[in-house]
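**Student:** The following block contains a protein sequence and its predicted model.
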Amino acid sequence: MYTQGLNTKEAHSSSPADAAREARFQARIDEDEKIEPNDWMPAAYRRTLVRQISQHAHSEIVGMLPEGNWITRAPTLRRKAALLAKVQDEGGHGLYLYAAAETLDVTREELVEQLLTGKAKYSSIFNYPTLTWADIGAIGWLVDGAAIMNQIPLCRCSFGPYARAMIRICKEESFHQRQGYEIMSTLARGTPEQKSMAQDALDRWWWPSLMMFGPSDKESQHSDTSMRWKIKRFSNDDLRQKFVDATVPQGHALGLVFPDAQLKWNEAAARFDFGPIDWEEFRQVVSGNGPCSKDRMRARRKAHDEGAWVREAAMAHAAKLQSREVAAKLAAE
Amino acid sequence: MTEANWPLFEVFIRSRGGMSHRHVGSLHAVDAEMALQNARDVYTRRGEGLSIWVVPSSAIKASDPGDKEMLFEPANSKIYRHPTFYKVPKDVGHM
């Protein structure tokens, strides 16, 4: 999902004392207790969370770019106000998530630096271009739809600050998917040209949306531990299947065709069967070779560099005010 | 990284008149004034509040999770601190 880049093996080191503490820790998790920042936790739990939460935060921040591209060109004021609010939400969601990651003893500056130097990953989906207005509809419907599917179980994640951030995010995000579907349905019921725009957007966004759930369960290296720690509640493939089952009827209701010849209802299993995912494309995009990867990083670095003077000026202003306050206090004494 | 880290603030919001302020999250700001402005932008986008407090995170002293049992366990056995511990004769009715 927003944390697909979790593909390095964890090294294991454990002394007998650690083993006892780990057993107590696991017992708390098994009891469905929340782990809070000051509680003891295995180093690997902390590392996994820092990586997962910060990748999630980076994804929110980079995710503002493809949609931001269309704010000034939204077809009506209503659409523009909604898109602006959605992109604003994403900025806020990035902030909630950075704050949750920071409770694990990393600084915001380190996290931002990891993004800007390309050390940290973010979701593959944001490396695809938004070529037409219909893409904004497809992103809301499919990308946010997939994100919500993944995020709802995260509201019950074992780490308190992450779970609380996710509750807030899910609450705010419920309008994102609906506004996207509304755009798609307006286009799908419009002129033939509009309908073909909607179809074209579905053609381009469908497979990348399925890739958002990350590698298949056979390949996913982190799943077992993350499940045991209740950071993750469902496997990648289970969530992907849930998403397909929920989304396909919504597309059919619009009279759109999914770009998958093998997609069909499986009566016996009560689910949709779908064709194979191009994992080579996924690997390329996750490792920074997506169609817009370079653009996205260039835009983030530019915004960071060009904002440097603002951050410096704010610090200088705060320091000046504080020294004036101190001087006034001294004078009064 | 040459830039200094901005201090962290904890944000508390009163959601409705008569309610107490409740912790909603945290943010970085150069000073309390900016923390208030940012808290307004980040945490009240949908009318979540009527009043905001911001507190430097460094000003908060928290109890040690390791002391949890010592601090809070003793209250568990003191059931006589709750009204349900006491019997009121049926014919007296609600008290």
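**Tutor:** Yep, it's here.
**Student:** In the stretch 201-333 of chain A, what residue lies closest to chain B?
**Tutor:** Nearest to chain B in the stretch 201-333 of chain A, going by C-beta to the nearest C-beta, is A:A318, at a distance of 3.8 Å. Quick note: C-beta positions are derived from backbone N, CA and C, even for glycine.
**Student:** Around chain A, which positions in chain B sit nearby?
**Tutor:** Within chain B, the positions near chain A by C-beta under 8 Å from any C-beta of the partner chain are B:1, B:3-6, B:8, B:25-28, B:30-31, B:34, B:42, B:45-46, B:62, B:64-65.
**Student:** For the residue of the stretch 201-333 of chain A closest to chain B, grab the count of nearby residues.
**Tutor:** Residues contacting A:A318 under the criterion other C-beta atoms under 10 Å in any protein chain shown number 18.
**Student:** pretty sure it is touching B:H28, no?
**Tutor:** No: using C-beta atoms under 8 Å, A:A318 makes no contact with B:H28, being 11.9 Å away.
**Student:** hang on, the earlier thing: quick one: contacts for the residue of the stretch 201-333 of chain A closest to chain B?
**Tutor:** A:A318 makes contact with B:30-31, B:34 under the criterion C-beta atoms under 8 Å, 6 or more residues apart in numbering or on different chains.
**Student:** again with A:G137
**Tutor:** Applying C-beta under 8 Å, 6+ apart to A:G137 gives the contacts A:180-184, A:186-187, A:198, A:201.
**Student:** Mind checking which of those residues land in helices?
**Tutor:** Assigned to helices by DSSP state H, the following of the contacts of A:G137 qualify: A:180-184, A:186-187, A:198, A:201.
**Student:** out of those residues, what pair is the most spread apart?
**Tutor:** Pairwise distances across the ones in helices among the contacts of A:G137 (C-beta to C-beta) peak at 13.9 Å, for the pair A:E182 and A:A201.
**Student:** ok, these two, which is more surrounded?
**Tutor:** Under the neighbour definition other C-beta under 10 Å, A:E182 and A:A201 were set side by side, and A:A201 has more, 26 against 17.
**Student:** Next, the contact list for that one, please.
**Tutor:** Here A:A201 is in contact with A:132, A:134-135, A:137-138, A:184 (criterion: C-beta under 8 Å, 6+ apart).
**Student:** out of those, who has the most neighbours?
**Tutor:** Neighbour-wise, those (other C-beta under 10 Å) top out at A:A138, 29 neighbours.
**Student:** hang on, isn't that one packed against A:W205?
**Tutor:** Yes: between A:A138 and A:W205 there is a contact under C-beta under 8 Å: 4.2 Å.
**Student:** burial of A:H58, as a residue count?
**Tutor:** So A:H58, with other C-beta under 10 Å, has 27 neighbours.
**Student:** Name the nearest residue to B:I60, ignoring sequence neighbours.
**Tutor:** B:E10 (6.5 Å; C-beta to C-beta, 6 or more residues apart in numbering or on different chains).
**Student:** Centre of the chain to the helix or strand of chain A with the lowest mean pLDDT, how far?
**Tutor:** Counting by mean pLDDT, DSSP states H and E, chain A has its least confident helix or strand at helix A:223-228, which shows a mean of 86. Its chain's C-alpha centre and that of helix A:223-228 lie 19 Å apart, by C-alpha atoms, centre = their mean, to the nearest Å.
**Student:** Repeat that for stretch A:266-286.
**Tutor:** Relative to the chain's own centre, stretch A:266-286 is displaced by 20 Å; criterion: C-alpha atoms, centre = their mean.
**Student:** Next, the contact list for A:L239, please.
**Tutor:** A:1, A:149-150, A:153, A:213.
**Student:** do A:G94 as well
**Tutor:** Applying C-beta under 8 Å, 6+ apart to A:G94 gives the contacts A:57-58, A:60-61, A:64.
**Student:** what's the following helix or strand after the helix or strand where it lies?
**Tutor:** Secondary structure assigned from DSSP states H and E places A:G94 in helix A:77-102. Next helix or strand after helix A:77-102 toward the C-terminus (DSSP H and E): helix A:108-116.
**Student:** List, one by one, the residues from the stretch 201-333 of chain A near chain B.
**Tutor:** The stretch 201-333 of chain A comes close to chain B at residues A:308, A:311-312, A:314-315, A:317-318, A:321-322, as judged by C-beta under 8 Å from any C-beta.
**Student:** By neighbours, which of those residues wins?
**Tutor:** For those, neighbours tallied by other C-beta under 10 Å; top is A:A318, 18 neighbours.
**Student:** one step back: tabulate the contacts of A:L239 in a markdown table, adding columns for neighbour count, pLDDT and secondary structure.
**Tutor:** Formatted as a markdown table, the contacts of A:L239 follow (neighbours: other C-beta atoms under 10 Å in any protein chain shown; pLDDT from 0 to 100; DSSP: H, G, I helix; E, B strand; the rest coil):
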| residue | neighbour count | pLDDT | secondary structure |
| --- | --- | --- | --- |
| A:M1 | 24 | 51 | coil |
| A:M149 | 21 | 94 | helix |
| A:N150 | 23 | 93 | helix |
| A:P153 | 15 | 95 | helix |
| A:F213 | 25 | 95 | coil |
